[in-house]
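# A predicted structure for the sequence below; I have some questions about it.
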Amino acid sequence: MVNMQRFGWGTILFAAFMVCCTLFSVPFAAGTEIKAPAAPVRATLFGMHIHRAGGVTTWPAAPIAAWRLWDTYAVWPWLEPRKGGWQFGSLDKLVSLAEKHRVELLLPLAFSPEWASARPKEKSAYGMGMAAEPANIEDWRNYVATVGKRYKGRIRYYENWNEPNLRNFYSGNMETILALSRDTYRILKGIDPGNVIVSPSPSGGYKESAYSWLVEYFSKGGGDFADVIGYHFYVTPGRPERMADEIAKVKTIMARHGLQNKPLWNTESGWFIDNRQARVNPTPTGTKSRVLSEEEAAAYVARAYIMNWASGVERYYYYAWDNKEMGLVEPDGKTPKYPAQAYAETHKWLVGARMTRCVSDADETWICDLERDGGYRGWILWNPDRYRSHALPEEWQVKQGRDLKGQKRSLDGAASVEIGPVPILVENHTE
């Protein structure tokens with residue numbers, strides 16, 4: 001549990017925020033409508049983590065527009081394991097791979113090598129001393145500048161630190177992370193004004209520490225050092241619709257600090273998914289207490305991307321393509337699972353379309369309306385809890401249906417269609 005005393009008056013602000021925002025403290029009720037962005041869905045919504053690209057993992061056949069380089073050994077301790085002893089070989093290969101596949105990179109700048117750490121013998125999620133701030137901020141400045149200059153024009157998106165509300169990822173205080181963020185922003189913008197800086201992304205998952213951290217960070221001016229607001233909308237082991245509640249809370253916090261016009265990105269979240277090659281065993285409690293089947297995972301991945309866009313998130317970096325317990329492919333990094341296919345099919349459904357409405361009805365059936373030029377209309381339908389027959393309004397003029405395996409079937413003249421937890425798309429056009 002995070003020690004809340006270190007938040008000081010930011011905790012008081014958070015308590016006031018939670019009182020004012022009680023309406024967001026429960027999941028969206030049936031009959032709730034989410035107002036989706038007016039712009040067409042962009043391909044860059046479909047971001048991904050790929051851990052072992054260039055190694056055992058073959059490049060995904062699924063369309064990926066944005067790649068976050070977390071858990072690729074591309075942050076400071078691996079780039080400069082000894083003071084001045086830079087090792088860019090692995091990161092150079094990842095950058096070249098991204099360029100080959102025309103993928104935009106998001107590079108987190110995080111962690112302190114043991115030699116630079118303020119607390120080199122402190123345990124962390126990854127290695128000794130890594131969660132601590134650097135003892136000398138000049139070393140951090142040199143790290144940021146060296147990376148920024150080396151990859152100028154090749155990497156444009158940078159994120160400051162990772163999950164700073166969790167002590168095993170960041171054990172420093174708020175003043176220090178603000179100083180690191182301020183210097184990162186100043187240095188990278190000085191190297192290339194076109195660089196885009198993402199704010200430190202706290203880890204959600206119903207954690208009040210994430211909201212209180214965000215309130216204090218913004219209250220002390222942290223929003224000034226970012227072009228994009230980052231957050232990890234983990235709801236594991238809950239279902240994807242819960243993301244809408246969490247996104248609404250974060251957007252409310254942003255608006256209260258005058259940041260409502262900055263883009264919001266979900267820079268990391270996912271679920272535990274079973275494998276055929278090696279079983280993933282659930283734990284009695286916690287985020288791993290439920291391991292999804294392939295069919296459940298396919299449904300969750302599709303619904304997550306739909307709910308993120310509908311709720312106003314511009315990019316969602318799923319975690320992760322080739323993670324051995326949360327992956328869309330088998331542990332060998334080569335064999336796709338059903339959720340990988342669902343990811344690719346959801347990309348086809350959404351990219352270029354305008355989502356005009358996303359609403360749950362009295363039976364908790366979700367209906368998300370899509371439009372495209374040329375008179376196209378489509379409706380994504382699912383019910384998270386049950387299988388049922390859903391009436392197709394005559395004015396929809398539905399001609400065909402699609403599933404997440406890419407299969408199509410005629411619905412011309414059909415009065416209803418069977419739906420369940422796995423979304424389907426019904427359309428007034430045929431191909």
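Arrived safely. Numbers count the residues shown, from 1 in each chain.
# can you list the weak-confidence ranges in the stretch 201-350 of the chain?
206 (pLDDT under 70).
# Which residue ranges of the stretch 1-150 of the chain form helices?
Using DSSP state H, counting those that start in this stretch, the helices found in the stretch 1-150 of the chain span residues 9-20, 76-79, 89-100, 137-150.
# export the ones you listed to JSON lines and tack on mean pLDDT and mean neighbour count?
All C-beta atoms are positioned from the backbone trio N, CA, C, and that covers glycine. Putting those into JSON lines (pLDDT from 0 to 100; neighbours: other CB atoms under 10 Å) gives the following:
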{"stretch": "helix 9-20", "mean pLDDT": "40", "mean neighbour count": "15"}
{"stretch": "helix 76-79", "mean pLDDT": "98", "mean neighbour count": "20"}
{"stretch": "helix 89-100", "mean pLDDT": "98", "mean neighbour count": "15"}
{"stretch": "helix 137-150", "mean pLDDT": "98", "mean neighbour count": "18"}
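# mind checking which of those helices is nearest Ala298?
Put simply, out of the helices of the stretch 1-150 of the chain the one that sits nearest Ala298 is helix 89-100, at 26.3 Å, with distance taken as CB to CB.
# give me the number of residues near Lys121?
9 (other CB atoms under 10 Å).
# residues contacting it?
Met128, Gly129 (CB atoms under 8 Å, 6 or more residues apart in numbering).
# That one and Asn162, how far apart?
21 Å (CB to CB, to the nearest Å).
# Would you check that Pro237 makes contact with Arg290?
Yes. Assessed by CB atoms under 8 Å, Pro237 is found in contact with Arg290 at 3.7 Å.
# Neighbour count: those two, which is higher?
Summary of the neighbour comparison: Pro237 and Arg290, criterion other CB under 10 Å, with Pro237 having more neighbours (18 against 15).
# would you turn the helices of the stretch 1-150 of the chain into TSV with distance to Lys408?
Formatted as TSV, the helices of the stretch 1-150 of the chain follow (distance: least, CB to CB, whole Å):
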stretch	distance to Lys408
helix 9-20	47
helix 76-79	46
helix 89-100	32
helix 137-150	47
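# Figure out which of those helices is closest to Ala344.
Closest to Ala344 of the helices of the stretch 1-150 of the chain is helix 89-100 (CB to CB; 18.8 Å).
# Just the CA atoms of the closest one, as CSV, please.
Extracted in CSV, the C-alpha atoms of helix 89-100 (Å, rounded to 0.1, in the frame of the first residue of the first chain):
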residue,chain,number,x,y,z
GLY,A,89,23.0,-1.2,-30.0
SER,A,90,19.6,-2.7,-28.9
LEU,A,91,17.7,0.5,-29.1
ASP,A,92,19.2,1.3,-32.5
LYS,A,93,17.8,-2.0,-33.8
LEU,A,94,14.3,-1.3,-32.3
VAL,A,95,14.3,2.2,-33.9
SER,A,96,15.3,0.8,-37.3
LEU,A,97,12.6,-1.9,-37.0
ALA,A,98,10.0,0.7,-36.2
GLU,A,99,11.1,2.7,-39.2
LYS,A,100,10.9,-0.4,-41.5
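# what helices or strands is that helix leaning on?
Counting contacts by 3 or more CB pairs under 8 Å, 6 or more residues apart in numbering; DSSP states H and E, helix 89-100 is packed against strand 104-109.
# Work out the sheet partners of the strand it packs on and label each with its direction, please.
The sheet places strand 104-109 alongside strand 66-68 (parallel), strand 157-160 (parallel), with pairing taken from DSSP bridges.
# what do Pro237 and Arg290 both touch?
Phe272.
# Do you have the strands of the stretch 301-431 of the chain handy? List them.
Across the stretch 301-431 of the chain, reading from the start of the chain, the strands by DSSP state E, counting those that start in this stretch fall at 315-318, 354-360, 366-372, 376-382, 388-391, 400-402, 408-410, 416-419, 424-427.
# got the angle between the third one and strand 376-382?
What that stands for is strand 366-372. For the pair strand 366-372 and strand 376-382, the angle between their directions (axes from the mean of the first three to the mean of the last three CA atoms, to 10 degrees) equals 160 degrees.
# mind checking how far strand 366-372 is from the chain centre?
22 Å (CA atoms, centre = their mean, to the nearest Å).
# Columns mean neighbour count and distance to Ala65 on top of the strands of the stretch 301-431 of the chain, output as a markdown table?
Output for the strands of the stretch 301-431 of the chain, formatted as a markdown table (neighbours: other CB atoms under 10 Å; distance: least, CB to CB, whole Å):
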| stretch | mean neighbour count | distance to Ala65 |
| --- | --- | --- |
| strand 315-318 | 25 | 9 |
| strand 354-360 | 19 | 17 |
| strand 366-372 | 19 | 19 |
| strand 376-382 | 20 | 20 |
| strand 388-391 | 13 | 32 |
| strand 400-402 | 20 | 21 |
| strand 408-410 | 12 | 25 |
| strand 416-419 | 15 | 29 |
| strand 424-427 | 22 | 21 |
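# These: which one's closest to Ala340?
Using CB to CB as the criterion, the shortest distance between Ala340 and the strands of the stretch 301-431 of the chain is 10.3 Å, found for strand 315-318.
# Tell me the gap between the closest one and the middle of its chain.
Taking CA atoms, centre = their mean, one finds strand 315-318 lying 4 Å from the centre of the chain it belongs to.
# Report the separation between Asn160 and Leu178.
10 Å.
# the more surrounded of the two?
It is Asn160, of Asn160 and Leu178, that has more neighbours when counted by other CB under 10 Å, with 26 against 18.
# one step back: tell me which of the strands paired with strand 104-109 lies nearest to Leu45.
strand 66-68 (8.5 Å).
# Give me the domain ranges for this structure.
Listed by automatic domain parsing, the domain ranges of the chain are 4-353, 357-427.
# Tell me which of those is the most buried.
Among these, ranked by average contacts under mean count of other CB atoms under 10 Å, first place goes to domain 4-353 (a mean of 19).
# can you list the weak-confidence ranges in the stretch 51-200 of the chain?
Across the stretch 51-200 of the chain (using pLDDT under 70), nothing gets flagged, so there are no ranges to list.
# contacting residues around the residue lying closest to Val95 once chain neighbours are set aside?
If you skip the residues right next to it in sequence, Val95 has Arg154 as its closest partner in space, 5.5 Å away by CB to CB, 6 or more residues apart in numbering. By CB under 8 Å, 6+ apart, the contact set of Arg154 is Val95, Glu99, Leu105.
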